[in-house]
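K.L.:
Fold the following, please.
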Amino acid sequence: MIWTRGAILADDALVISARDRAFEHGLGLFETLRTWNGRPTLLPRHLDRLRRSAEALGIPLDLGALPTADDARSLLAADRRDGDAMLRITLTGGLSASEGSTLWMRSSPLPPTAVGGIRLGTIGPARQDPLAGHKSLNYWSYRLLQEQARAEGCDEGLLIDKAGCVLEGSRTNVFFVIRGGLTTPPCDGRIVPGIMRGLVVERARASGLDVGEAPLGLLDRRLDPEEVFLTNAVRGVIPVGRWGEAHFPAPGPTTARVREAVLHWLEAGGSP
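P.N.:
As a prediction, the model looks like this:
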């Protein structure tokens, strides 16, 4: 089932014009999130990012067509989901910059949780992409990165720039624990400003951890982390057990502290 404009419909009941720019040019946006204790806690933050990207890219968006927490719960009930689940919101590019976009939401089961930390590879350099800072439907380069990482026996791959600085994963942001503090690549338009990334920065600082944003190269002497973890709106905080030939505790003490702080906030219902 899908939700659109206040109604629950069968998957094949949604009609989108063949002239929609999603088909013509791959233009559109999406957000993925999950529920925590049955609540879509981060929904307001995802909708705010969707709104900002739509405005920046010239995609029409009817704010009255955006789903609420009640809409998400209605969809999960219609899909007979027991427990928590994943939600995806999709916005097409529309017929023009002023009309004709379509927005819908669907649900699916949560992915399995990795046990013992994931294996991380490095792929690069990333090509310059003006859409890099948005959750665009033009997602093929990230999909290819994920497939290449899997082919090399890794769970996720990292993009680097021409200078060798780490950027992001195919569907994750990255954090390094260095001398007990967190360092993450800056949101400078070359990475997706992840919702979970922002929450981790917020909750880590609230718990007394030092958090910095800095471009770190693979040969940078500062890039000698005690721990590494990734963030994703569905999987949350993801410990990395291996990166290349380096092994890390998964989770290490700082990663576990961050994950606990974030999970407590999410499961308590958080705040917008």
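K.L.:
Which segments of this structure make up each domain?
P.N.:
For the chain, automatic domain parsing gives the domain ranges 2-108, 118-267.
K.L.:
Pull up the distance across the last one, start to finish.
P.N.:
In terms of CA to CA, to the nearest Å, the two terminal residues of domain 118-267 are separated by 24 Å.
K.L.:
One more: stretch 32-47?
P.N.:
Distance between the two ends of stretch 32-47: 10 Å, counting by CA to CA.
K.L.:
and if you look at stretch 198-216?
P.N.:
19 Å.
K.L.:
any chance of the domains of the chain in TSV, with mean neighbour count too?
P.N.:
Any C-beta I mention is one placed from the backbone N, CA and C, and that applies to glycine too. Converted to TSV, the domains of the chain look like this (neighbours: other CB atoms under 10 Å):
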stretch	mean neighbour count
domain 2-108	17
domain 118-267	18
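K.L.:
what's the least confident stretch among those?
P.N.:
The weakest mean pLDDT among the domains of the chain belongs to domain 118-267, with a mean of 89.
K.L.:
Just checking the distance from that one to the centre of its chain.
P.N.:
11 Å (CA atoms, centre = their mean, to the nearest Å).
K.L.:
Same check on stretch 79-88?
P.N.:
The mean C-alpha position of stretch 79-88 is separated from the chain mean by 18 Å, CA atoms, centre = their mean.
K.L.:
Next: stretch 76-83.
P.N.:
Relative to its chain's centre, stretch 76-83 lies at 23 Å (CA atoms, centre = their mean).
K.L.:
hmm, who's touching it?
P.N.:
Stretch 76-83 is contacted by residues 1, 8, 35, 38, 85, 107, 109 when judged by CB atoms under 8 Å, 6 or more residues apart in numbering.
K.L.:
Give me the spatial nearest neighbour of the fourth one, chain neighbours excluded.
P.N.:
Closest residue to residue 38 in three dimensions, ignoring its sequence neighbours and counting by CB to CB, 6 or more residues apart in numbering: residue 84, at 6.7 Å.
K.L.:
next one: residue 187
P.N.:
residue 193 (4.6 Å).
K.L.:
who touches the nearest residue to residue 194 once chain neighbours are set aside in this structure?
P.N.:
Nearest residue to residue 194 in three dimensions, chain neighbours excluded: residue 173, at 4.3 Å (CB to CB, 6+ apart). Contact analysis of residue 173 by CB under 8 Å, 6+ apart lists 184-185, 191-192, 194, 196-197, 230-232.
K.L.:
Tell me where the stretch 51-200 of the chain has strands.
P.N.:
In the stretch 51-200 of the chain, the segments counted as strands under DSSP state E, counting those that start in this stretch are 86-92, 103-108, 118-123, 156-160, 166-169, 173-178, 181-184.
K.L.:
Direction included, what does the fourth one pair against?
P.N.:
Spelled out, that is strand 156-160. Here strand 156-160 is paired, per DSSP bridges, with strand 118-123 (parallel), strand 166-169 (antiparallel).
K.L.:
Next: the second one.
P.N.:
When sheet partners are counted by DSSP bridges, strand 103-108 sits next to strand 2-4 (antiparallel), strand 86-92 (antiparallel).
K.L.:
Beyond the first one, next helix or strand please.
P.N.:
Of the helices and strands lying after strand 2-4 in sequence (DSSP states H and E), the nearest is strand 7-9.
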